[in-house]
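J.: The sequence isn't on hand, but the structure is:
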């Protein structure tokens, strides 16, 4: 039986996991309704109330400022959603490397059956980037490796800096957020020539070089705005997604909508351009839209 015919004979119900979505207080039921309408089975919450603090762009609500200036994230809605609907919701937690109780905080998070990953964002300022490049996050990453939770890395346009970490922590699964592409004005003050380079589709070549390390995956999200495809079904993204699949393999590509913060695109559009992409096989859709997240995050269906 040919591969195409075999795929046509398979059931078409996909186990779809949205591997990044922000929700806030009072949004659990509405989010569930939308997931049911779209055919999304499970969702990984990065809790975010949309209020940025005045101390540092990474200090988002909910959370609180510690005496030494570190920010400790809270995640009450994510916990509530995951306890009430454990088959539908789980969550990640943002970590500040300067938390004075870093190890205790991380081990407590890892002890929850609903916390599936940490998130680290070392590119909000040029000082943060320099600290990351200098090894300032090594203790955090060593703890994550020890407790066995993956780390989602928001390092827009700094993918090359991750290579050292991938070598140093070979047992730690890393997930590169948002295709690894540069974001506008992140960090502020970065030379314009560097920004332009990391926001050009050719920078994806740099990101794909990370695939040589077996402990890294890529989160396919924000691709529409970052890679210049503004109108559904985003056909210009198809060869770029194919490039990523060829580099990482379908088993290390995780779809995420991040639709709660992505402008100008509906949740259904961010899903359906992958789900109904005629250039992807059923197996590729199965992995990218859910199975990769299940495997990398150790999240049973």
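T.: Sure, I can see it. Note that the structure is predicted; figures quoted are calculated from it, not measured.
J.: ok now the helix or strand harbouring residue 254, how far from the chain's centre?
T.: Per DSSP states H and E, residue 254 falls inside strand 253-255. Its chain's C-alpha centre and that of strand 253-255 lie 8 Å apart, by C-alpha atoms, centre = their mean, to the nearest Å.
J.: elements contacting that strand?
T.: Counting contacts by 3 or more C-beta pairs under 8 Å, 6 or more residues apart in numbering; DSSP states H and E, strand 253-255 is packed against strand 17-21, strand 216-220, helix 237-248, helix 292-297. Placement of C-beta: from N, CA and C, glycine included.
J.: Give me the sheet partners of the first one and which way each runs.
T.: When you say that, I think you mean strand 17-21. strand 42-45 (parallel) (DSSP bridges).
J.: What lies in contact with the strand it pairs with?
T.: Strand 42-45 is contacted from outside by 15-23, 31, 35, 75, 77-78, 81-82, 87-92, 116-117, 256, 290, 293, 297, 299, 301, using C-beta atoms under 8 Å, 6 or more residues apart in numbering.
J.: Now the buried members of those.
T.: Buried subset of the contacts of strand 42-45 (neighbour count, 16 or more other C-beta atoms under 10 Å): 16-23, 31, 35, 75, 77-78, 81-82, 88-92, 116-117, 256, 290, 293, 297, 299.
J.: before we move on, back to that, residues contacting the strand holding residue 254, please?
T.: Contacts with strand 253-255, where a contact means C-beta under 8 Å, 6+ apart, come from 17-19, 175, 217-221, 241, 244-245, 271, 274, 287-290, 292-293, 296.
J.: Try it again at 10 Å.
T.: Strand 253-255 is touched from outside by 16-20, 44, 152, 175-177, 211, 217-221, 223, 241, 244-245, 247-248, 270-271, 274-275, 284-285, 287-297, with contacts defined as C-beta atoms under 10 Å, 6 or more residues apart in numbering.
J.: The stretch 1-150 of the chain: strands as residue ranges?
T.: 17-21, 42-45, 63-65, 71-73, 89-94, 115-120 (DSSP state E, counting those that start in this stretch).
J.: burial of residue 60, as a residue count?
T.: 20 (other C-beta atoms under 10 Å).
J.: My guess is it contacts residue 96. True?
T.: No: contact between residue 60 and residue 96 fails when scored by C-beta atoms under 10 Å: they sit 11.3 Å apart.
J.: what residues do these two have in common as contacts?
T.: If you check residue 60 and residue 96 against C-beta under 10 Å, 6+ apart, the residues they both contact are 71, 73, 121.
J.: Considering those, which possesses the most neighbours?
T.: Ranked by the number of neighbours (other C-beta under 10 Å), those place residue 73 first, at 25 neighbours.
J.: which ones are touching that residue?
T.: 46-48, 58-64, 92-96, 99, 105, 109, 118-119.
J.: Please pick the buried ones from those residues.
T.: 46-48, 58-63, 92-96, 99, 105, 109, 118-119.
J.: residue ranges for the strands of the stretch 151-300 of the chain, please.
T.: Under DSSP E, counting those that start in this stretch, the stretch 151-300 of the chain gives strands at 151-153, 174-176, 216-220, 253-255.
J.: Drop anything exposed from the contacts of strand 253-255.
T.: 16-20, 44, 152, 175-177, 211, 217-221, 223, 241, 244-245, 247-248, 270-271, 274-275, 284-285, 287-294, 296-297.
J.: Skip the chain neighbours and tell me the closest residue to residue 252.
T.: residue 217 (4.0 Å; C-beta to C-beta, 6 or more residues apart in numbering).
J.: Give me the distance between that neighbour and residue 28.
T.: As for residue 217, its distance to residue 28 is 27 Å (criterion: C-beta to C-beta, to the nearest Å).
J.: so residue 39 sits right up against residue 16, yeah?
T.: Yes: counting by C-beta under 10 Å, residue 39 does reach residue 16; the two are 6.0 Å apart.
J.: For the closest residue to residue 213 other than its chain neighbours, give me its contacts.
T.: Leaving aside its sequence neighbours, residue 213 sits nearest to residue 166 (C-beta to C-beta, 6+ apart; 4.0 Å). By C-beta under 10 Å, 6+ apart, the contact list for residue 166 reads 172, 174, 210, 212, 213, 214, 215, 216.
J.: Can you give me the neighbour number for residue 33?
T.: The number of residues packed near residue 33 is 10, by other C-beta under 10 Å.
J.: Check the one 5 residues further on too.
T.: Residues contacting residue 38 under the criterion other C-beta under 10 Å number 18.
J.: Need the residue closest to the centroid of this structure.
T.: The residue lying closest to the centre of the chain (C-alpha atoms, centre = their mean) is residue 177, at 4.1 Å.
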